[in-house]
Each structure stands twice: as C-alpha cells, then as structure tokens.
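Novice: need a structure here:
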Amino acid sequence: MAWYLVEITYVQEKMPEVRPRHREFLRNLAGQGRVVVAGPLGDGSGGITLYQADDEAHLKETIDQDPYFLEGVVAERTIREFKPVIGAWVPDAS
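Specialist: The predicted structure follows:
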C-alpha cells in the first residue's frame, strides 16, 4: 500500500450543492482506512485529502468515483505519492 496526497481546485458555483455527497464518499473511505485526513483549504479554493491505495491506478479508480469529480466540481487535480515517516498515526519504522 502507498500513500497519496490529492489536491483539488473547486469549480466554486457547483461545490455547495455537491459537498454533502462528496463528504459521505470520503467518510465511507475513512471508515475503510483509505482516507486519513481530508478537508478544504483555508481560502476555500479547494481541498486536500490523504489517501492510502494499492497503487496510483487504484487511487485514480477510487477518486474518479468521487461526486466532486463525477459532477464537475473538480477544476484541477494533482496527485503526489507521499512517504510519511513521523506522526501519531505512522507506525514506528526505526
């Protein structure tokens, strides 16, 4: 399993209507242990989510099912692999 940091930029006028479905989608993934943290940026322009997935292809299959993606709220999306080494939720690797 790998970790991925996904940042999206919103299409502002579409976001409020779709937000409840998007959050339910993320809650379900969090319940499966696939989302560690998710939330909007302070300026309201977009959001960041930290996912765990088998690989990037698996991640893309998953996030392509997000209501924000399906309903045109995502103006831009970046995906970067992330290698956590320190944090309360990170297993001790020493």
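Novice: can you give me the end-to-end distance of stretch 70-77?
Specialist: End-to-end span of stretch 70-77 (CA to CA, to the nearest Å): 13 Å.
Novice: quick one: buried residues of it?
Specialist: V73, V74, R77 (16 or more other CB atoms under 10 Å). C-betas here are computed from N, CA, C, even on glycine.
Novice: middle-most residue in the chain, spatially?
Specialist: T49 (3.2 Å; CA atoms, centre = their mean).
Novice: since we're on A30, how many residues are nearby?
Specialist: The local packing of A30 (other CB atoms under 10 Å) involves 15 other residues.
Novice: give me the buried positions along the helix or strand containing it.
Specialist: Using DSSP states H and E, A30 sits in helix 15-31. For helix 15-31, the neighbour count (16+ other CB under 10 Å) marks M15, V18, R19, H22, F25, L26, L29 as buried.
Novice: picking up where we left off before, for the residue nearest to the centre of the chain, list each beta-bridge partner.
Specialist: Counting by DSSP bridges, T49 is bridged to V6, A38.
Novice: residue ranges of the strands in the protein, please?
Specialist: Under the criterion DSSP state E, strands of the chain are mapped to 2-10, 35-40, 46-53, 74-82.
Novice: so can I have CSV of the ones you listed showing mean pLDDT and distance to I63?
Specialist: Shown next, in CSV, are these (pLDDT from 0 to 100; distance: least, CB to CB, whole Å):
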stretch, mean pLDDT, distance to I63
strand 2-10, 97, 6
strand 35-40, 96, 10
strand 46-53, 97, 7
strand 74-82, 97, 8
